[in-house]
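Asker: Compute the structure for the input listed below.
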Amino acid sequence: MAHTQHIYSHCWHTTQPQLHGRLSTPQAGLPYLRSSNRFAGGIAAPRLLRQAACSGLHLHTDAQVPQQQQQHVCSRAGSHVSGLLQSRQHCKQRQPWLAVAASKGGQQQPEQQLPQQQSLQQQQTQQPPPHQQQQQEDADPQSAASSSLNLPASRSAAQWLNNLNSIQLQQLAHDWGYQQLGRPLPEGLSVTAIAETMPDKNFVLDLGKAIGYLALSLGLMAAGYTYLWYWHTICPLWQQLLCWLVIGTGYFGAFQTAVDCSHFAFWPQRPLMQDLLGATLMAPALMSYEVWRLKYFNHLMCTNQLYEDTDAWHPLLPADLADLPTWQRALLQLLMATPLKFFASIGQWFRSLEGFDLKLHPAETRPWVWLSWALPLGFIGVVWPAMIAAGGVGAWVSWWLGPWAVFHCWLSVLSLVRHTAPHIPWEEEGLTYDHAQATINGTVSVKLPNWIEVLIHHANCHLPKHVAISIPSYNLKDAQAYLEQRLGKYLTIAELNPQLLRNLMTAWLVYDPQQQQYVDFDQAEELIQDYKQQRQQQQQQEMQQLQWQQQQKWPQSESNSS
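Answerer: Below you'll find the predicted structure:
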């Protein structure tokens with residue numbers, strides 16, 4: 001147990017002159033690197049360890065990595081993420097939708113007991129004779145493994161897709177705007193097992209390639225800014241919009257370099273320089289590097305998990321709308337059911353400001369959180385006044401606000417397409433949540449023209465990061481091709497097209513946890529009323545139970561006094 005608690009630690013090991021490393025996401029739901037005692041702050045996460053035991057996983061320990069091959073590249077990786085679960089508990093207190101589960105009538109379910117925790121006598125009475133058990137395993141190994149653990153069926157994949165033939169599945173994909181709909185991944189397969197089969201070349205870090213991609217993005221931004229600066233007095237509006245598109249796309253590519261830095265895949269031999277570069281690149285977006293990394297790791301840990309996944313990817317629920325006034329609900333509908341939805345990450349940026357609350361972070365990481373906020377605040381205090389002094393408010397709009405909006409458009413569209421689809425379920429934490437299915441079936445692979453993929457550093461290839469986060473951005477294309485070759489029929493693939501974007505904007509708006517489907521705002525009104533009735537009934541039951549408990553205490557207190 002002592003070794004397995006070092007979940008968030010980092011070690012790179014070399015078997016050849018190239019530097020290799022793997023950070024894979026186990027089915028337990030927690031991204032991890034091969035552990036090392038050099039890193040403090042291992043997470044004591046019995047829930048994660050419990051799920052790992054249920055799924056038959058074995059977390060990497062120090063004994064599996066020879067000491068002489070360990071190269072520690074980030075001295076605070078473990079301590080930074082050691083407060084992840086603590087941060088999520090504070091987030092639950094701050095965000096109302098985390099405290100109320102619509103599918104459970106507003107009452108959180110108690111943690112389910114492990115089958116391993118049952119008494120030996122009970123397990124023996126449930127097990128068939130040895131010869132019958134062997135016959136069952138030979139007939140269906142997967143079901144036999146599930147029955148031996150007494151696990152409920154997974155709800156992290158749309159099992160009804162298995163009832164459709166290939167023609168029906170292709171027609172449904174066409175109606176929704178996808179090239180292909182992935183069939184449910186078989187239960188019992190872990191993300192770790194998939195990551196271990198990936199070629200080593202996908203994990204090779206090439207500093208020259210990383211600098212080359214970053215130089216391409218900065219050059220694209222420089223070209224747009226040069227044109228705006230030279231022609232800013234006579235530049236027509238359509239040319240300004242084109243420059244915004246060029247600058248914003250270039251910055252979105254540079255932002256992916258910051259993403260590589262956040263998961264130690266840019267320059268791991270120089271961790272301090274790596275983090276400084278990542279924080280600097282995120283400063284123009286006014287994002288805290290440390291806060292963003294914490295939310296990103298939480299997303300990888302709780303992919304498509306209700307009430308736990310990061311708010312940037314979490315769907316809108318009836319519980320979110322139940323307590324809102326009518327005008328706020330109308331405003332939310334305006335923002336979410338119109339093209340403004342494709343700038344929704346701006347709203348998530350506002351929510352990231354809660355990162356100023358130091359209660360969300362463990363004590364040892366708070367100085368780094370404040371330092372990561374210093375660069376965005378410095379950008380506001382230095383660069384903004386310089387822009388306004390050089391060309392007025394119009395220059396500020398043209399040189400920062402417009403490109404910033406384009407950047408958020410890229411971020412919003414890709415985030416929506418990756419994890420929002422009518423056949424991608426969101427399931428609560430528990431034994432019915434299968435992290436491998438949530439990762440493989442719940443992540444849409446987006447196809448773009450090759451030249452656009454290069455400009456955005458292959459950010460559309462999101463699935464490899466979920467499988468093994470230490471894959472750098474310039475290797476995502478090859479890693480995506482490998483996953484499509486090995487897991488082709490289980491993947492959902494899409495190209496950006498008007499039909500898909502229209503469905504995201506008009507049909508897939510509010511998620512019904514009970515039916516595991518998306519509805520529009522008109523249909524959501526009925527769900528909101530049902531939710532309010534369930535919550536009222538629950539409150540009445542709690543009051544009755546409290547009164548009954550008080551009545552039971554009164555006779556006892558009277559007897560004691562007499």
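Asker: residue nearest the centroid of this protein?
Answerer: H299 (2.3 Å; Cα atoms, centre = their mean).
Asker: quick one: it from S415, how far?
Answerer: 10 Å (Cβ to Cβ, to the nearest Å). Yep, even glycine has a C-beta here, placed from its N, CA and C like the rest.
Asker: Please apply the same query to Q536.
Answerer: With Cβ to Cβ as the criterion, Q536 and S415 are 35 Å apart.
Asker: thinking again about what came up before, look up phi and psi at the residue nearest to the centre of the chain.
Answerer: phi -60, psi -40 (degrees, to the nearest 10).
Asker: Give me the nearest residue to it, chain neighbours excluded.
Answerer: T310 (4.2 Å; Cβ to Cβ, 6 or more residues apart in numbering).
Asker: how about the residue lying closest to Y433 once chain neighbours are set aside, what does it touch?
Answerer: Using Cβ to Cβ, 6+ apart and skipping residues adjacent in sequence, the residue nearest Y433 is E427, 4.7 Å away. Listed by Cβ atoms under 8 Å, 6 or more residues apart in numbering, the contact set of E427 reads 154-156, 304-306, 433, 438, 516.
Asker: cool, and A507?
Answerer: By Cβ under 8 Å, 6+ apart, A507 lies in contact with 422, 518, 520.
Asker: Among those, name the buried ones.
Answerer: When neighbours are counted using 16 or more other Cβ atoms under 10 Å, these contain these buried positions: 422, 518.
Asker: All the helices of the stretch 251-400 of the chain, in order from the start?
Answerer: 271-282, 289-301, 318-322, 326-336, 345-351, 366-378, 384-396 (DSSP state H, counting those that start in this stretch).
Asker: Please identify which of the ones you listed is closest to L189.
Answerer: Proximity to L189 (Cβ to Cβ) singles out helix 289-301 among the helices of the stretch 251-400 of the chain, at 17.6 Å.
Asker: quick one: what helix or strand has G219 in it?
Answerer: helix 207-231 (DSSP states H and E).
Asker: brain fart, W238
Answerer: Following DSSP H and E, one finds W238 within helix 237-262.
Asker: and that helix, what other elements does it pack with?
Answerer: In terms of contacts (3 or more Cβ pairs under 8 Å, 6 or more residues apart in numbering; DSSP states H and E), helix 237-262 is packed against helix 207-231, helix 271-282, helix 289-301, helix 402-419, helix 450-455.
Asker: got a pLDDT number for Q538?
Answerer: Per-residue pLDDT puts Q538 at 85.
Asker: quick revisit: reformat the contacts of E427 as CSV; add pLDDT, neighbour count and distance to A459.
Answerer: Listed next are the contacts of E427 as CSV, based on pLDDT from 0 to 100; neighbours: other Cβ atoms under 10 Å; distance: Cβ to Cβ, whole Å:
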residue, pLDDT, neighbour count, distance to A459
S154, 83, 23, 29
R155, 82, 19, 29
S156, 85, 27, 24
N304, 91, 26, 19
Q305, 92, 24, 23
L306, 90, 23, 26
Y433, 90, 24, 27
A438, 92, 29, 20
Q516, 89, 19, 28
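Asker: Which single one of those is nearest to L205?
Answerer: Nearest to L205 out of the contacts of E427 is A438 (Cβ to Cβ; 28.0 Å).
Asker: So that closest one is in contact with E308, correct?
Answerer: No - A438 is beyond contact range of E308, at 11.0 Å (criterion: Cβ atoms under 8 Å).
Asker: picking up where we left off before, who touches both of H299 and S415?
Answerer: 312-313.
Asker: need the contact list for the spatially closest residue to W384 that is not a sequence neighbour.
Answerer: Nearest residue to W384 in three dimensions, chain neighbours excluded: W396, at 6.4 Å (Cβ to Cβ, 6+ apart). Taking Cβ under 8 Å, 6+ apart, we find W396 in contact with 384, 387-388.
Asker: Which stretches in the chain count as strands?
Answerer: Assigned by DSSP state E, the chain shows strands spanning 12-13, 23-24, 32-33, 70-71, 444-447, 492-495, 510-512, 517-519.
Asker: And for N497, the neighbour number?
Answerer: N497 has 11 neighbours, counted by other Cβ atoms under 10 Å.
Asker: How about F342?
Answerer: 17.
Asker: likewise W400?
Answerer: 18.
Asker: show me what contacts it?
Answerer: 284, 383-384, 387.
Asker: And for A312?
Answerer: A312 neighbours (Cβ under 8 Å, 6+ apart): 295, 299, 345, 348, 415.
Asker: and those residues as JSON lines, adding pLDDT and distance to Q256?
Answerer: Putting those into JSON lines (pLDDT from 0 to 100; distance: Cβ to Cβ, whole Å) gives the following:
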{"residue": "K295", "pLDDT": "85", "distance to Q256": "16"}
{"residue": "H299", "pLDDT": "90", "distance to Q256": "16"}
{"residue": "S345", "pLDDT": "89", "distance to Q256": "15"}
{"residue": "Q348", "pLDDT": "79", "distance to Q256": "17"}
{"residue": "S415", "pLDDT": "92", "distance to Q256": "13"}
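Asker: what about burial for those residues, which qualify?
Answerer: For the contacts of A312, a burial check counting by 16+ other Cβ under 10 Å picks out 295, 299, 345, 348, 415.
Asker: Out of those, which is nearest to Q168?
Answerer: Closest to Q168, out of all of the buried ones among the contacts of A312 and judged by Cβ to Cβ, is S415, at 29.2 Å.
Asker: Can you verify my assumption that that closest one contacts F343?
Answerer: No - S415 lies out of contact with F343 (Cβ under 8 Å); the separation is 11.4 Å.
Asker: ok, now how distant is L377 from L353?
Answerer: Distance from L377 to L353, by Cβ to Cβ: 11 Å.
Asker: for the longest helix seen in the chain, packing partners?
Answerer: Ranked by number of residues, the top helix in the chain under DSSP state H is helix 521-561. Helix 521-561 sits against helix 318-322, strand 510-512, with contacts defined as 3+ Cβ pairs under 8 Å, 6+ apart.
Asker: what is the orientation angle of it with helix 326-336?
Answerer: Computed with axes from the mean of the first three to the mean of the last three Cα atoms, to 10 degrees, the direction of helix 521-561 lies at 130 degrees from that of helix 326-336.
Asker: And helix 521-561, how far out from the chain middle?
Answerer: The chain centroid and the centroid of helix 521-561 are separated by 35 Å under Cα atoms, centre = their mean, to the nearest Å.
Asker: quick one: low-confidence parts of the stretch 101-250 of the chain?
Answerer: 101-151, 232-233 (pLDDT under 70).
Asker: wait, isn't L181 in contact with D175?
Answerer: No - using Cβ under 8 Å, L181 is not in contact with D175; the gap is 10.3 Å.
Asker: between those two, who's got more neighbours?
Answerer: The neighbour count for L181 versus D175, taken as other Cβ under 10 Å, is higher for L181 (26 against 10).
Asker: do you know how far the residue lying closest to that one once chain neighbours are set aside is from Q480?
Answerer: Using Cβ to Cβ, 6+ apart and skipping the chain neighbours, the partner closest in space to L181 is A173 (4.5 Å). Using Cβ to Cβ, A173 is found at 19 Å from Q480.
Asker: Look at the two and report which has more neighbours.
Answerer: Q480 (24 against 18).
Asker: hang on, F343 packs against W410?
Answerer: No - using Cβ under 8 Å, F343 is not in contact with W410; the gap is 10.2 Å.
Asker: who's more crowded, the two?
Answerer: W410 (21 against 16).
Asker: Now do the contacts for the more buried one.
Answerer: With Cβ under 8 Å, 6+ apart, W410 has these contacts: 248-249, 252, 456, 459.
Asker: now swap in S412 and tell me
Answerer: 341-346.
Asker: Show me which of these is closest to Y227.
Answerer: For the contacts of S412, the nearest to Y227 is F343 (24.1 Å; Cβ to Cβ).
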